[in-house]
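In: Have a look at this prediction, sequence included:
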Amino acid sequence: MKRKVKIKNVIKHFILITKHKWVVFKLCCKLRLFWRGLVHDLSKYSPTEFWESVKYYEGNRSPIVSCKQDKGYSESWLHHKGRNKHHSEYWVDMNAPEKTHILEKRKRKIINQ
């Protein structure tokens, strides 16, 4: 189904991700992680993530879920998880023959040195 970009969804989605960033920033500041809080989820403002999320914005669930139901995948999610280390999917290659976390492999390499 072809979805159109609605102005109200642009505004609502922008407000939603900006509020999220603000909450994360405040929590990071409490931990003195100022830079981490500032750059957290900046990719959500990128055209790849922003415009797909606006198209599938409903206000009561993640646009990624709606997009996956419509298209079978979400370009926004693929873009986001590949650029943000706070998602476990960033660290796991689901297509690898052995489902081992990258961190575990690094740890083994360090221990074996």
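Out: Nice, I can see it.

In: all helices of this structure, in order?
Out: In the chain, the helices defined using DSSP state H lie at 7-30, 34-39, 47-55, 63-71, 75-81, 102-111.

In: could those helices go into CSV alongside mean neighbour count, mean pLDDT and distance to V92?
Out: No exception for glycine: its C-beta is placed from N, CA and C like everyone else's. Formatted as CSV, the helices of the chain follow (neighbours: other Cβ atoms under 10 Å; pLDDT from 0 to 100; distance: least, Cβ to Cβ, whole Å):
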stretch, mean neighbour count, mean pLDDT, distance to V92
helix 7-30, 14, 97, 22
helix 34-39, 13, 95, 21
helix 47-55, 19, 97, 20
helix 63-71, 16, 95, 18
helix 75-81, 19, 93, 10
helix 102-111, 10, 54, 7
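
In: Okay, V5 and P63: tell me how far apart.
Out: With the distance defined as Cβ to Cβ, to the nearest Å, V5 ends up 12 Å from P63.

In: can you list residues touching both of those two?
Out: Counting by Cβ atoms under 8 Å, 6 or more residues apart in numbering, the residues touching both V5 and P63 are 54-55.

In: For the residue nearest the centre of the chain, give me its contacts.
Out: Centroid-nearest residue in the chain, with Cα atoms, centre = their mean: H80, separated by 3.8 Å. Listed by Cβ under 8 Å, 6+ apart, the contact set of H80 reads 41, 43-44, 49, 87.
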